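> Generate coordinates for the sequence data below:
(one chain, ligands or ions: 2)
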Amino acid sequence: MSENTNNIENRESVNFIQKIINEDITNGKYNKRVHTRFPPEPNGSLHIGHAKSICLNYGLAMKNNGKFNLRFDDTNPATEDESFVKSIVDDIRWLCPEWKDEPLYASDYFDKMYECAVELINKGLAYIDDLSSEQMREYRGTLTEPGIESPNRNRSKEESLDLFTRMKNGEFKNGEYVLRAKIDMSSPNINMRDPIIYRIMHIAHHNTGDKWCIYPMYDYAHPIEDAYEGITHSICTLEFEDHRPFYDWVLANLDDFKDEPTQQIEFAKLYLTKTMMGKRYLKQMVEQGLVDGWDDPRMPTISGIRRRGYTPEALYKFLEDVGVAKSQSVVDIAMLENAIREDLKEKAPRTMAVLDPIKVIITNYPEGQVEYLDAENNAENEAMGTRKIPFSREIYIERDDFMENPPKKYFRLFPGNEVRLRYAYFIKCNDFKKDENGNVVEIYCTYDPATKSGTGFTERKVKGTLHWVDANNCIDATVRLYNYMMEAEDYDKTNFLEKLNPNSKIILENCKLEKNIMDYKIGDRFQFLRHGYFIIDSDSTDNHYVFNQIVSLKSSFAVN
Ligand code: ATP
Ligand code: MG
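Numbers count the residues shown, from 1 in each chain. Ligands and ions are numbered 1, 2, ... in the order given. The predicted structure is shown next:
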């Protein structure tokens, strides 16, 4: 891991947005200020795509000694929910722990937006329309045909102002009137064909309560929010490219903002293989109970990824590797998985955990005897030191580390074969016992005292090394293994609910873990030798641990 990935500010690569900023600074634009923002709509939890936008915006602000705002784009009370405000703030505090400010709310600027609308009406740049929504659609035209001007387009300023005031005062029903910008019905860009900027919605707002019954449209509100906060570079995703002319139009026509308008810059959204992205789709999974909430460790939400055990550092590294582009692509999820492996490789203590236990009895080991052996905490990071692990006559190994009739090249335990127990001794299998169903339930071995680990024994070599846990000195735990929710290749936004992998969560009970685990707390991460990385989940109680698998040890498919 290179050092510069530890902090967002220290990331070194220069993306195309930084190049624009460099030029702006050279030209003295915005008085050399850099001020970015992240503007979520509080209508769902954030996902890893949002993390990209947050890290980009926050990173650029920090790198350029600038400022960063978290601003809720809460202009549509019909879709918003206050609970998401809290979860979004939590996500950002986790992702950017150095961000100490308080969030801002677009709804705090409703007065300003209203004033701006009045300014546009007074300038003859906006009018009140009462076409029905069907008529409005008809008049709008198509990509190949120009639109038709509304008969209300030349309504006098006075009349529009009067109607706008009465809209605000609640005199009309939803949909009766709208305020439209007066631009160009024959523009090749449909967004410029007199877009609606205010509509009537008799709905209370989580911040402003019943104060308003008219609400601004996103495309109109957004540039005003940006400019009002002094945002210099309004960074958004590519789907807004066609909306930029209107963004620029709004600011160019408002006296407060026209001299130094915010500039909108678009970049490509992040998409991952084997992952359904997009709040509305994730919301369906949550609402239909197909996952265990927004923070289900299988979800690509920031809260899910956090609960899964990812670190912010791994996300920075991943996002740095992905880069910032102008054209759309899908990133292999293996890249994300590699980032967390890399991050935890030297950080996470290693331990032995037997997930599917079978008992081994070492028949020549004295009954009642326990010895404590030295085990290193991280073979790749000596500084993490060693611990003592108990060893006695009965141990657990993985069920699939034993075979009654092994194929060729099976080097683990089978009758007559000898293997090494990590940090302990060589054991040789002499016999085993089956239950009435033919399942092996106990394995009988003998150990060779001369082969104790760390004593330099080299007399003979064995090919298999097994992990194990002392049966009389271990704890039982629940371990959750995860597979991709979108395992099939042919999912899309129309069918993803039917394509969900039914085996994406596997719960293992009675896993056997070293007792040393009891020194750790919720949120601590480990490498279980030979299995992968795991985190102690918040479902754990004082006397029962629950672990989530973060990632397996090796990528199961190729990394490009
Ligand atoms: P979704 O499509 O998931 O519903 P959204 O764009 O509607 O997301 P917003 O809350 O409106 O969500 O987005 C806040 C910011 O996050 C916007 O600037 C948006 O462009 C950005 N963003 C959303 N999805 C991604 C993504 N996949 N990659 C990068 N940035 C994203
Ligand atoms: Mg959106």
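> residues from the stretch 151-300 of the chain in reach of ligand 1?
236, 237, 269, 270, 277, 278, 279, 280 (CB under 6 Å from any ligand atom). From N, CA and C alone the C-beta is placed, and that goes for glycine too.
> Any chance of the residues you listed in a markdown table with neighbour count as columns?
Shown next, in a markdown table, are those (neighbours: other CB atoms under 10 Å):
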| residue | neighbour count |
| --- | --- |
| 236 | 21 |
| 237 | 15 |
| 269 | 19 |
| 270 | 27 |
| 277 | 17 |
| 278 | 16 |
| 279 | 19 |
| 280 | 10 |
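> Quickly name whichever of those is closest to residue 484.
Of all these, residue 484 sits closest to residue 277, with 13.3 Å by CB to CB.
> Run the chain-centre distance for stretch 516-535.
How far stretch 516-535 lies from its chain's middle: 21 Å, per CA atoms, centre = their mean, to the nearest Å.
> quick revisit: and the residues of the stretch 151-300 of the chain next to ligand 1, which two are furthest apart?
236 and 280 (17.8 Å).
> returning to what we had before: can you put the residues of the stretch 151-300 of the chain next to ligand 1 in JSON lines and add secondary structure and pLDDT?
Listed next are those as JSON lines, based on DSSP: H, G, I helix; E, B strand; the rest coil; pLDDT from 0 to 100:
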{"residue": "236", "secondary structure": "strand", "pLDDT": "97"}
{"residue": "237", "secondary structure": "strand", "pLDDT": "97"}
{"residue": "269", "secondary structure": "coil", "pLDDT": "96"}
{"residue": "270", "secondary structure": "strand", "pLDDT": "96"}
{"residue": "277", "secondary structure": "coil", "pLDDT": "94"}
{"residue": "278", "secondary structure": "coil", "pLDDT": "94"}
{"residue": "279", "secondary structure": "helix", "pLDDT": "95"}
{"residue": "280", "secondary structure": "helix", "pLDDT": "95"}
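> so what's residue 491 closest to, chain neighbours aside?
Nearest residue to residue 491 in three dimensions, chain neighbours excluded: residue 499, at 4.1 Å (CB to CB, 6 or more residues apart in numbering).
> residues of stretch 88-106 that come out buried?
Within stretch 88-106, the residues scored as buried using 16 or more other CB atoms under 10 Å are 88-92, 94-96, 99, 103-106.
> can you narrow these to ones near ligand 1?
Of the buried residues of stretch 88-106, not one also sits near ligand 1 (CB under 6 Å from any ligand atom).
> Taking those together, which two end up most distant?
94 and 106 (23.2 Å).
> so residue 462 makes contact with residue 425?
No: the criterion here is CB atoms under 8 Å, and residue 462 misses it with residue 425 at 10.8 Å.
> More neighbours: which of these two?
residue 425 (21 against 14; other CB atoms under 10 Å).
> Now do the phi/psi pair for the more buried one.
Main-chain dihedrals, residue 425, degrees, to the nearest 10: phi -130, psi 170.
> Quick one: neighbours of the closest residue to it other than its chain neighbours, just the number.
Setting aside the residues directly before and after it, residue 425 is nearest to residue 447 in space (CB to CB, 6+ apart), at 4.4 Å. When neighbours are defined as other CB under 10 Å, residue 447 has 22 of them.
> So residue 447 versus residue 395, what's the distance?
10 Å (CB to CB, to the nearest Å).
> Kindly point out which residues are neighbours of both of the two.
Residues touching both residue 447 and residue 395 by CB atoms under 8 Å, 6 or more residues apart in numbering: residue 362.
> how many other residues sit next to whichever residue of the stretch 401-550 of the chain sits closest to ligand 1?
The stretch 401-550 of the chain approaches ligand 1 most closely through residue 493 (10.5 Å), counting by CB to the nearest ligand atom. Neighbour count of residue 493, defined by other CB under 10 Å: 12.
> quick one: the helices in the stretch 401-550 of the chain?
496-499 (DSSP state H, counting those that start in this stretch).
> What is the nearest of the residues of the stretch 151-300 of the chain next to ligand 1 to residue 399?
Nearest member of these to residue 399, counting by CB to CB, is residue 277, at 37.2 Å.
> which residues are contacting stretch 398-416?
354-358, 360, 397, 417, 419, 427-432, 440, 443, 445, 462-464, 466-467.
> Give me the buried subset of those.
By 16+ other CB under 10 Å, the contacts of stretch 398-416 give 354-355, 357-358, 360, 397, 417, 419, 427-429, 432, 443, 445, 466-467 as buried.
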